[in-house]
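Participant: Sequence first, then the predicted structure:
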Amino acid sequence: MIEPGKLAIPEMVDEAWTVTATAAACAVLLVMSTPFLRKVVSRVQEYACGVAADHQHHKHCMPLPPGSLGLPCLGESLTLKSQGQKFWISRQQLYGDIFKTHLFGYPSIVVAGPDAARFVMVEQASSFRQRGLPIIEKLLGSSFFGYQHEKVHANFRKILHGPLLPEALERSIPAVEAIAIDILKHWDGKIVNTLEEARKYVFKVAMEFVVGAAPPDEKEELTRACERLIRGVSSLPVNIPGSNYYKAIKESRRKACALLDKIMSFRSWQDENTGKILSNDGAGDILGLMMMLEDENGCNLQVEEIYDNILTFLYSAYDSSAAALCWTIKALTEHPELLAQVQAEHEMISAKKSYDENIKWYDIKEQMQLTIRVIKETLRIANVVEFSYREALEDVPYKGIVFPKGWRVIIAHAAYHMDPKYFPQPQEFDSSRFRVHPKLFSFTPFGSGPHVCMGRELLHLQLLVFIHHLVLKYRPLHQ
Ligand code: HEM
């Protein structure tokens with residue numbers, strides 16, 4: 001998952017090739033400046049990708065969608081890096097709701113409209129496998145349960161969802177509230193870096209849900225190792241000593257795995273007779289569940305699988321949630337009238353409570369409707385997760401074009417979130433637009449279908465709790 005404006009370009013070039021690639025890119029830029037040569041290069045690029053030529057001419061006679069595969073090797077990754085979410089919007093305007101490109105080292109089909117998004121995420125979900133960006137799979141591991149297909153994925157998901165379901169979340173409100181109050185306590189009389197504070201908060205919350213019971217020192221060290229690892233994910237994949245990418249691979253992942261080992265041995269013991277891992281505190285968090293999981297032969301997961309899952313889980317929970325909280329606070333401070341209404345909403349909830357009484361699940365679900373709309377509008381406009389990522393497992397025909405087998409598929413939520421057809425004046429922050437439900441599948445910040453975000457209820461809970469205490473305690477300086 002990716003922060004706004006910080007899209008990571010995965011390993012397209014290894015460092016030995018960097019100089020050659022730069023020279024080649026300059027030459028190709030010159031060549032690409034004439035339309036005829038651009039067409040020739042594009043066709044060569046399609047042939048280089050193999051699958052496209054195969055499809056267009058030999059198999060189904062079904063064309064690929066319009067679009068450009070960009071520069072050889074680099075594709076359109078540099079343009080995406082420089083344009084951010086505008087990349088999806090500008091191409092959607094140029095080519096329509098489905099177009100081809102070449103990103104993150106793979107020929108890809110981008111889905112930029114609600115109907116096609118629904119087709120890939122829901123109707124034809126079994127023909128597409130969820131993937132992580134190459135850099136994410138490399139740094140955090142490729143055996144994350146979300147990348148498994150159909151039944152295996154569904155079985156894992158059913159078990160791991162437990163701590164994130166409403167019943168469990170309701171029990172955890174006091175713990176989340178305590179973390180929020182503690183973070184805000186340190187804001188008194190200070191100028192703080194909101195993003196840093198948001199990261200501190202969401203990571204502490206994520207640690208409770210994902211890693212659970214662990215000695216505080218190990219948890220603290222794990223937090224730091226994960227932060228460095230996550231920094232590596234949004235860095236350029238330049239594998240030279242001193243770079244964030246290098247440090248993430250060589251130091252942070254190893255450190256994080258060693259700490260997870262320590263935490264697991266603190267929490268478990270191995271049965272001498274069966275060799276099975278027994279956990280002393282069971283199923284209250286994701287790590288506890290992972291340690292207890294058994295396959296059909298009664299074997300526990302391999303430790304590498306546990307590392308990959310925990311690290312990817314922490315990544316999913318951390319980066320996007322911190323960005324969402326930060327953007328929400330920014331939106332509120334930029335709209336003083338809205339902030340005043342949000343404050344009134346929370347003062348009303350607080351007025352009905354005795355001193356020290358915790359927020360209730362009912363408050364979250366029923367009493368914070370305006371704040372929920374503010375969060376929705378923030379997610380729409382900030383697009384903290386710009387897209388979902390898939391691989392086509394077979395040739396998939398759709399409305400006269402084909403998703404070729406082996407190509408990557410990018411569901412660009414950001415493109416339709418910013419489309420005036422579904423959200424008039426899309427650049428304007430207007431939480432009141434969510435008084436009515438948006439068109440089906442035009443608003444999918446958490447994805448949809450079998451891979452829909454497992455942490456969306458937790459995200460709402462942690463944002464609402466934090467905003468509740470923030471607006472009750474502080475006023476922005478300009479008020
Ligand atoms: C602003 C916050 C968040 C956003 C915008 C977000 C968005 C998403 C999206 C779009 C997907 C679907 C990926 C796909 O279709 O391929 C997803 C999946 C997932 N998210 Fe989130 N997420 C957020 C926070 C969280 C949190 C707090 C957690 C956990 C505590 C979490 C855990 C997951 C997991 C485990 C999956 C994979 C589900 C599966 O493949 O079955 N997310 N998220």
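Facilitator: Good, I have the coordinates. Numbers count the residues shown, from 1 in each chain.
Participant: Next, the contact list for the residue in the chain that the ligand sits nearest to, please.
Facilitator: As assessed by Cβ to the nearest ligand atom, the ligand sits closest to residue 455 within the chain, at 2.0 Å. For every residue, glycine as well, the C-beta is placed using N, CA and C. The contact partners of residue 455, by Cβ atoms under 8 Å, 6 or more residues apart in numbering, come to 164, 316, 317, 321.
Participant: give the contact list for the last one.
Facilitator: Think residue 321. Residues touching residue 321, when contacts are defined by Cβ under 8 Å, 6+ apart, comprise 198, 202, 206, 455, 459, 462, 463.
Participant: Can you verify it is assigned to a strand?
Facilitator: No. With the criterion set as DSSP: H, G, I helix; E, B strand; the rest coil, the secondary structure at residue 321 is helix rather than a strand.
Participant: about what we covered before: format the contacts of residue 321 as JSON lines; extra columns: pLDDT.
Facilitator: As requested, the contacts of residue 321 are exported to JSON lines (pLDDT from 0 to 100):
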{"residue": "198", "pLDDT": "97"}
{"residue": "202", "pLDDT": "96"}
{"residue": "206", "pLDDT": "94"}
{"residue": "455", "pLDDT": "97"}
{"residue": "459", "pLDDT": "98"}
{"residue": "462", "pLDDT": "97"}
{"residue": "463", "pLDDT": "98"}
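Participant: List only buried entries from these.
Facilitator: Buried members of the contacts of residue 321, scored by 16 or more other Cβ atoms under 10 Å, are 198, 202, 206, 455, 459, 462, 463.
Participant: need the contact list for the first one.
Facilitator: Right, residue 198. For residue 198, the contact set (Cβ under 8 Å, 6+ apart) comprises 321, 322, 323, 325, 326, 329.
Participant: how does it look with 7 Å?
Facilitator: Under the criterion of Cβ atoms under 7 Å, 6 or more residues apart in numbering, the neighbours of residue 198 are 322, 325, 326.
Participant: Format those as JSON lines; extra columns: distance to residue 187, pLDDT and neighbour count.
Facilitator: Rendered in JSON lines, the data for the contacts of residue 198 read as follows (distance: Cβ to Cβ, whole Å; pLDDT from 0 to 100; neighbours: other Cβ atoms under 10 Å):
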{"residue": "322", "distance to residue 187": "16", "pLDDT": "97", "neighbour count": "24"}
{"residue": "325", "distance to residue 187": "14", "pLDDT": "98", "neighbour count": "26"}
{"residue": "326", "distance to residue 187": "14", "pLDDT": "97", "neighbour count": "23"}
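Participant: Between the residues you listed, which sits nearest residue 367?
Facilitator: If you rank the contacts of residue 198 by distance to residue 367 using Cβ to Cβ, residue 325 comes first, at 19.7 Å.
Participant: would you say the closest one is within a helix?
Facilitator: Yes. Counting by three-state DSSP, residue 325 is located in a helix.
Participant: average pLDDT for stretch 119-128?
Facilitator: Mean pLDDT, computed over stretch 119-128, is 98.
Participant: What of stretch 252-263?
Facilitator: Over the span of stretch 252-263, the pLDDT mean works out to 95.
Participant: same question, stretch 358-365
Facilitator: 94.
Participant: buried sites along that stretch?
Facilitator: With burial defined by 16+ other Cβ under 10 Å, the residues of stretch 358-365 counted as buried are 359, 363, 364, 365.
Participant: Adding secondary structure and distance to residue 410, write those residues out as JSON lines.
Facilitator: Formatted as JSON lines, the entries for these read as follows, by DSSP: H, G, I helix; E, B strand; the rest coil; distance: Cβ to Cβ, whole Å:
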{"residue": "359", "secondary structure": "coil", "distance to residue 410": "38"}
{"residue": "363", "secondary structure": "helix", "distance to residue 410": "38"}
{"residue": "364", "secondary structure": "helix", "distance to residue 410": "33"}
{"residue": "365", "secondary structure": "helix", "distance to residue 410": "33"}
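Participant: which among these gets closest to residue 232?
Facilitator: Of all the buried residues of stretch 358-365, residue 232 sits closest to residue 364, with 34.6 Å by Cβ to Cβ.
Participant: how about the nearest residue to the closest one, chain neighbours excluded?
Facilitator: When the adjacent residues along the chain are set aside, residue 364 lies closest to residue 464, with 5.5 Å between them (Cβ to Cβ, 6 or more residues apart in numbering).
Participant: secondary structure class for the one you found?
Facilitator: Per three-state DSSP, the local secondary structure of residue 464 is helix.
Participant: In contact with it, which residues?
Facilitator: Contacts were defined as Cβ under 7 Å, 6+ apart; by that measure residue 464 touches 364, 368, 371.
Participant: Ok, residue 156 next?
Facilitator: With Cβ under 7 Å, 6+ apart, residue 156 has these contacts: 145, 148.
Participant: Am I right that it sits in a strand?
Facilitator: No. Counting by three-state DSSP, residue 156 falls outside a strand, being helix.
Participant: so which of the contacts of residue 321 comes closest to residue 172?
Facilitator: Scanning the contacts of residue 321 for proximity to residue 172, where the rule is Cβ to Cβ, the winner is residue 462, at 9.8 Å.
Participant: how about the nearest residue to the closest one, chain neighbours excluded?
Facilitator: Of all residues apart from its sequence neighbours, residue 205 sits closest to residue 462 (Cβ to Cβ, 6+ apart), at 5.1 Å.
Participant: Please, which helix or strand holds that neighbour?
Facilitator: Secondary-structure assignment from DSSP states H and E places residue 205 in helix 194-210.
Participant: Give me the buried positions along that helix.
Facilitator: Taking 16+ other Cβ under 10 Å as the neighbour-count basis, helix 194-210 is seen to contain the buried residues 195, 197-210.
Participant: do the same with stretch 416-436
Facilitator: Applying a neighbour-count criterion of 16+ other Cβ under 10 Å, the buried positions in stretch 416-436 are 416, 417, 418, 419, 422, 423, 426, 429, 430, 431, 433, 434.
Participant: These into TSV, with extra columns for pLDDT?
Facilitator: Formatted as TSV, the buried residues of stretch 416-436 follow (pLDDT from 0 to 100):
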residue	pLDDT
416	98
417	98
418	97
419	97
422	98
423	98
426	97
429	98
430	98
431	98
433	98
434	98
